[in-house]
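**Q** Output the structure for:
(one chain, ligands or ions: 1)
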Amino acid sequence: MSDKLPNEFADWSDTSIETRCIRAGQDPDPRTGSMIVPIFQTSTFKWPEVGTSTGYEYSRTANPTRAALQASIASLEGAEWGLAFASGTAAMREVAMLLNPGEHILMARDAYGGTFRLLDVHTRRHGIDVSMVDLTDLEQVEGGIRPNTKLIWLETPTNPIMAVADIAAIADIAHTVGALLSVDNTFATPYLQQPLALGADLVIHSATKYLAGHSDVVIGAVVGNDPDLFTRLQEQQNDCGAVPSPFDSWLTLRGIKTLPVRMDRHGANAIAVANFLNDHPNVAEVYYPGLPEAPGHELAQKQMRNFGGMVSFRMPTREAAIHVCNSTRIFQLAESLGGVESLIEHPDSMTHLAVSGTEFAIDGGVIRASIGIENIDDLIADLEQALAGVR
Ligand SMILES: *Cc1c(COP(=O)(O)O)cnc(C)c1O
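**A** Next up, the predicted model:
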């Protein structure tokens, strides 16, 4: 198992993504006919005889429920292989660990807060150089390259300001200098954006968010095409141990089946919310690439199917932002995103606390909302009452 690509699943590559969400990796169980992939809740597997295993030996190395999830996510991203991890952060850590001391990672200055802590604090402590630029500005990307740059770490759209970076152009820059491009595709999902087709080498997911989609699991994934990267990442994972449980893998497989219908509704609700906020006199600015005046609108139209379910906006003051976050009824005050329920949060005191007070801080007036799939009139009415009376 350890050095083979996950090729034991039926090939659905000639079908569209909606079909692959339901079928790819999710073959009925060959022994029992179970329509749903079983939860193989076992640590170890019986060998038929010494020297010959079934291909599964020990669940840290490989587990059939996890293998099904890996095949599913790889298929959705149009990738040769996929690996599932204990969390999105564990997936990111494995990618960062591909580098050696003395090498350099170039990342976005407005990356996810956890990415910042992982790379800027812990990865740097292990002798890997990390620097930040505005990845939406290609001159800054080129200017940020150093002789030892081995990895460009991209996230698009970004969290929470929803800036859009040009995946194809940055892939070209990375490859010209012999670096890899890794794209965190958590916000867009493969239904909206496929970074490998645009030239990325690795795609990272916090599958905790839209892929699983129901706020009931923490899990991550990395996919790619290069077999050497697969071997290195798989060995690293086996040796470092950050694997997801069979049950969490199963929950994610279940969530993925409805990804396209959920993303369609998230996107439709999000554009309606963005338009409502844009017209509201108490809101200073709205960050959503689906708005025609958004700086990333044209690029997002080019590289995304739709603009996704995340909408951020800025109130004139920190106090007003906190008032709104404390005043919604349907939008629940919580970190995380991508579930069917709408969430609201204040980045500077919650998700982005790690960069609060630094040059990378998020303005205290900014609110981030994960737009769920509830009735759109209910969502707008909720925001309307929370915004009433603040300036
Ligand atoms: C949540 C998130 C992560 C981290 O994933 P976990 O599953 O929470 O470990 C990474 N990137 C982005 C964009 C995220 O939103």
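**Q** can you count the residues close to the residue of the chain at minimum distance from the ligand?
**A** Of the chain, the residue with the smallest distance to the ligand, taken as Cβ to the nearest ligand atom, is G88 at 2.3 Å. In short, each C-beta sits where N, CA and C put it, glycine included. G88: 25 surrounding residues under other Cβ atoms under 10 Å.
**Q** Ok, I376 next?
**A** 17.
**Q** I'd like the distance between it and I271.
**A** Counting by Cβ to Cβ, to the nearest Å, the gap from I376 to I271 is 10 Å.
**Q** The residue of the chain closest to the ligand contacts H205, correct?
**A** Yes - at 6.3 Å, G88 counts as touching H205 under the criterion of Cβ atoms under 8 Å.
**Q** shared neighbours of those two, which are they?
**A** Common contacts of G88 and H205 (Cβ atoms under 8 Å, 6 or more residues apart in numbering): 186, 220-221.
**Q** Tell me the residues of this structure that contact the ligand?
**A** 87-89, 112, 114-115, 155, 159, 184, 186-187, 206, 208-209, 218, 220 (Cβ under 6 Å from any ligand atom).
**Q** rerun at 5 Å
**A** Within the chain, the residues that sit near the ligand (Cβ under 5 Å from any ligand atom) are 87-89, 112, 114, 184, 186, 206, 208.
**Q** With distance to H266, pLDDT and secondary structure added, can I get these in CSV?
**A** Formatted as CSV, the residues of the chain next to the ligand follow (distance: Cβ to Cβ, whole Å; pLDDT from 0 to 100; DSSP: H, G, I helix; E, B strand; the rest coil):
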residue, distance to H266, pLDDT, secondary structure
S87, 22, 98, coil
G88, 18, 98, helix
T89, 23, 98, helix
Y112, 18, 87, coil
G114, 22, 89, helix
D184, 18, 97, strand
T186, 13, 97, coil
S206, 16, 98, strand
T208, 15, 98, coil
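**Q** Which of these ranks first by neighbour count?
**A** For those, neighbours were counted using other Cβ under 10 Å, and S206 has the most, 29 neighbours in all.
**Q** The stretch 51-200 of the chain: strands as residue ranges?
**A** 81-85, 104-108, 129-133, 149-155, 180-184 (DSSP state E, counting those that start in this stretch).
**Q** any chance of those in TSV, plus distance to S356?
**A** Formatted as TSV, these follow (distance: least, Cβ to Cβ, whole Å):
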stretch	distance to S356
strand 81-85	28
strand 104-108	17
strand 129-133	16
strand 149-155	19
strand 180-184	21
